[in-house]
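>>> Quick one: sequence plus predicted model below, questions after.
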Amino acid sequence: MARRPLHRQLFSELRASIAGGTLRGGARLPSTRDFAQQRGVSRKTAEEAYAQLEAEGYVERRVGSGTYVCELPLPAKRNARLEGRRTLSARGRTSGKSMACVEPLEIRAFAAGLPALDHFPIATWQRLVSSHARRLDTSALVYGDPAGDPALREAVAAYLGGARGVHCDASQIVIVSSSQEALHLLAHLLIDPGDAAWLEEPGYYGARAALTSAGARIVPVAVDDDGLDVAAGVALAPHARVAYVTPSNHYPLGASMSLDRRLELLAWARRSDAWIIEDDYDGEFRYDGRPLTAIQGLDPAGRVIYVGTFTKSLYPSLRLGYAVLPQDLVASFVAARTQVDGHPPPFLQRVTADFITHGHFDAHLKRMRALYRERRDVAVRLLSRHVELGPANAGFRVVAFTRGDDRDLAARGARAGLDLPTLSRLYIGKPRHGLVLGYMGLTPHALAQSVKALAKLV
């Protein structure tokens, strides 16, 4: 890091002495000539330091008299122990007590949040970035459309219609920084404090945090082999405002919601004037059969909001996701997102749009499905020798059920260099214990070594 100019160092030193009370109000400072001689600097440097103190109101320079420290109502010295009432809002207290939604920063066994980044087509991406950089002009430097770049919205609409069975046009799509941002905005748009919200049990913690921060009364609804048990949800909270579901690949247990359950959920939403938030976080990666049609594509009444992301299909630091909204919600959602971050970065949106429309996205997904299917097969084969596994028909992780407390196992795993996310933390009621094991970022060799290390613990 570049060293600060000398006059700034002297200014900071003198300011700290004044703020700390060493130099009290009314004290006279040495002349700039004397100060320069004391410190072994030029008089110009001393003059610049004094001028900055005067400009910021710490000293007063009196012609013919000298430079004096101003009388200031300075705050008390910093203290590690802060006293007095320091309160947050009720929402702030709730958010502060919640578990943070933090993703892994590096690929470790068995962290579930990072794709196989060494297989990303960087050369192709660089060509597209370079192409857009060469055409960069001032029109690309102004504020962007808060709903997202039109080219990317068109590309996403075309992709979702063909690959996921989503019925929409570009005007219904809003580009966001992540699916988590979409969940946060939706929770605050759709939930009043005290409203009931169905959440899968176990369920994605980020959705729970978003709904809770909006004041929702979380209603955990059991998940079985057919997905969310709609009848159980109706019995618990028939007039819930929102139902959050991961129907294509339930997080974390891996069940797919049956067609009967999907239709039952849509019927309930129509009867109850409720909203369904469909989180399709990894719908592109189904290994046994074709990707399932989204619930949104079965919905004639506009009760479903479909949320997706490029975090896993491309790369996490891209920070692009999307929400597909009923037409009458778009304006409100866009207004809400402008209050959070204004608009997503236009440059990378245009690069991503080209990546999709030029066919690179489909080709990349095809390669990655084959790669992840191979890694899924290796992970299931090796892990099943030691633990009971849940379904692994899609996605990037598999649940390994354990007999003992999964928190103790995770702590021992951390000491052995393993990242072992616990299943129990995803329950609100009585938990089942297990580990949510990611495999997508691990080579077959790394998987074999990691399973050996895990086997010693279980």
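Cool, got the structure. Numbers count the residues shown, from 1 in each chain.
>>> Quick check, residue 120 in contact with residue 316.
No - using Cβ atoms under 8 Å, residue 120 makes no contact with residue 316, being 10.8 Å away. Just so you know, the C-beta spots here come from the backbone N, C-alpha and C atoms, and that holds for glycine as well.
>>> can you give me the strands in the stretch 251-400 of the chain?
Along the stretch 251-400 of the chain, counting by DSSP state E, counting those that start in this stretch, strands occupy 275-279, 304-309, 321-324, 388-389, 397-401.
>>> Tell me the strands beside the shortest one, with direction?
In this case it means strand 388-389. Here strand 388-389 is paired, per DSSP bridges, with strand 397-401 (antiparallel).
>>> quick revisit: most tightly surrounded among the strands of the stretch 251-400 of the chain?
Comparing these by mean neighbour count (mean count of other Cβ atoms under 10 Å), strand 304-309 comes out on top with a mean of 26.
>>> what packs against that one?
The elements that strand 304-309 packs onto, with contact taken as 3 or more Cβ pairs under 8 Å, 6 or more residues apart in numbering; DSSP states H and E, are helix 179-190, strand 275-279, strand 321-324.
>>> What values do phi and psi take at residue 419?
Torsion angles at residue 419 (phi, psi; degrees, to the nearest 10) stand at phi -100, psi 110.
>>> Who are the contact partners of it?
The contact partners of residue 419, by Cβ atoms under 8 Å, 6 or more residues apart in numbering, come to 104, 108-111, 413, 438.
>>> 10 Å - rerun?
Contacts for residue 419 (Cβ atoms under 10 Å, 6 or more residues apart in numbering) come out as 104, 106-113, 410, 413, 435, 437-438, 450.
>>> Tell me which two in the residues you listed are the farthest apart.
106 and 435 (19.0 Å; Cβ to Cβ).
>>> For those two, indicate the residue with more neighbours.
Remark: of residue 106 and residue 435, residue 435 carries more neighbours, 29 against 8, as counted by other Cβ atoms under 10 Å.
>>> thought the more buried one was touching residue 412?
No - if you go by Cβ atoms under 10 Å, residue 435 and residue 412 don't touch, sitting 11.5 Å apart.
>>> Common neighbours of those two, please.
With Cβ under 10 Å, 6+ apart, residue 435 and residue 412 have common neighbours 418, 420, 457-458.
>>> Tell me the one among those nearest to residue 222.
When those are compared against residue 222 (criterion: Cβ to Cβ), the nearest one is residue 420, at 24.6 Å.
>>> just checking, the closest one is part of a helix?
No - the assignment for residue 420, made by DSSP: H, G, I helix; E, B strand; the rest coil, is coil rather than a helix.
>>> How many neighbouring residues does it have?
Counted with other Cβ under 10 Å, residues neighbouring residue 420 total 26.
>>> what sits against it?
Taking Cβ under 10 Å, 6+ apart as the criterion, residue 420 is in contact with 108-111, 400, 402, 406-407, 409-414, 434-437, 454, 457-458.
>>> before we move on, back to that, got TSV for the helices and strands packed on strand 304-309, with mean pLDDT and distance to residue 241 too?
Shown next, in TSV, are these (pLDDT from 0 to 100; distance: least, Cβ to Cβ, whole Å):
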stretch	mean pLDDT	distance to residue 241
helix 179-190	95	6
strand 275-279	98	7
strand 321-324	97	17
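>>> mind putting the ones you listed in JSON lines, distance to residue 60 included?
Converted to JSON lines, these look like this (distance: least, Cβ to Cβ, whole Å):
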{"stretch": "helix 179-190", "distance to residue 60": "49"}
{"stretch": "strand 275-279", "distance to residue 60": "60"}
{"stretch": "strand 321-324", "distance to residue 60": "55"}
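>>> For residue 346, find the nearest of these.
The nearest among those, by Cβ to Cβ, is strand 321-324 at 15.1 Å.
>>> tell me which strands and helices that closest one is in contact with?
Packing partners of strand 321-324 (3 or more Cβ pairs under 10 Å, 6 or more residues apart in numbering; DSSP states H and E): helix 150-163, strand 173-176, helix 179-190, strand 304-309, helix 327-338.
>>> could you dump the ones you listed to a markdown table with distance to residue 262?
Putting those into a markdown table (distance: least, Cβ to Cβ, whole Å) gives the following:
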| stretch | distance to residue 262 |
| --- | --- |
| helix 150-163 | 17 |
| strand 173-176 | 22 |
| helix 179-190 | 20 |
| strand 304-309 | 10 |
| helix 327-338 | 21 |
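>>> Can you say which of the ones you listed is nearest to residue 444?
Set against residue 444 and scored by Cβ to Cβ, the helices and strands packed on strand 321-324 come closest in strand 304-309, at 26.7 Å.
>>> And the helices in the stretch 101-250 of the chain?
Ranges of helices within the stretch 101-250 of the chain are 122-134, 150-163, 179-190, 205-213, 230-236, based on DSSP state H, counting those that start in this stretch.
>>> Out of these, which gets nearest to residue 257?
Here helix 230-236 is closest among the helices of the stretch 101-250 of the chain (Cβ to Cβ), at 9.3 Å.
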